[in-house]
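A.B. asks: The following comprises the amino acid sequence and a computationally predicted model.
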Amino acid sequence: MKKIFLYFTMAVFVFGLGLAAYAVHEIIPSGYKVPYPAADAERVNEYLIKYNPYRAWAMWPGKGKLYKAAEPHGALLTTFVNDVALESIKNKKGMVNNSIIAKENYTADEKFVGLTVMYKVKGYNPEAGDWFWAKYRPDGTAEVSGKVKMCIDCHSKAKDNDFIMTSKVK
């Protein structure tokens, strides 16, 4: 009788563990991807730092670390692109929605001075290619963000290349 009770108890325990594992699976499905953030400086920064760290992304094809650049971004840049942007660059049809470009800005003596971001959000700003712009200080606070006139005015020179100045994407 004690053996039957022991086996029954073990079976109930194992069944309970299986049920708990299934429940967790339903809450956090495998392959879960964090959704893209809203066009909001704080949400974008959180996404880039916490949920999909930009430093794990590919660098812009043909560009290495600390390549020469010009103001207002700094003397040296390192440019990272998410998978969506990388695929867009390879396809040469322009940047598709959810493309994110994160550009680390450095002084000539390689001091990190900020991060500039371009994030393509469908319907956000059709007049400027639907780009959301942000510039973050080294501490992560946004210096400017949104439909930034200075960014749009400068990048409008490359309107035919989807506002991208790094290299051809069309």
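C.D. replies: All right, it came through fine. Residues are numbered from 1 along each chain as shown.
A.B. asks: who touches the closest residue to Tyr47 other than its chain neighbours in this structure?
C.D. replies: Spatially, and ignoring its direct neighbours in sequence, Tyr47 is nearest to Pro37 (4.3 Å; CB to CB, 6 or more residues apart in numbering). (C-beta placed from N, C-alpha, C; glycine too.) Each residue near Pro37 by CB atoms under 8 Å, 6 or more residues apart in numbering is listed here: 43-44, 46-47.
A.B. asks: ok, of these, which one's closest to Lys157?
C.D. replies: Set against Lys157, the nearest of those by CB to CB is Val44 (24.1 Å).
A.B. asks: State whether the closest one is indeed within a helix.
C.D. replies: Yes: secondary structure of Val44 (DSSP: H, G, I helix; E, B strand; the rest coil): part of a helix.
A.B. asks: circling back to that earlier point, from Gly62, how far out is the residue nearest to Tyr47?
C.D. replies: 28 Å (CB to CB, to the nearest Å).
A.B. asks: For this structure, which segments count as helices?
C.D. replies: Assigned by DSSP state H, the chain shows helices spanning 2-27, 41-46, 83-91, 149-155.
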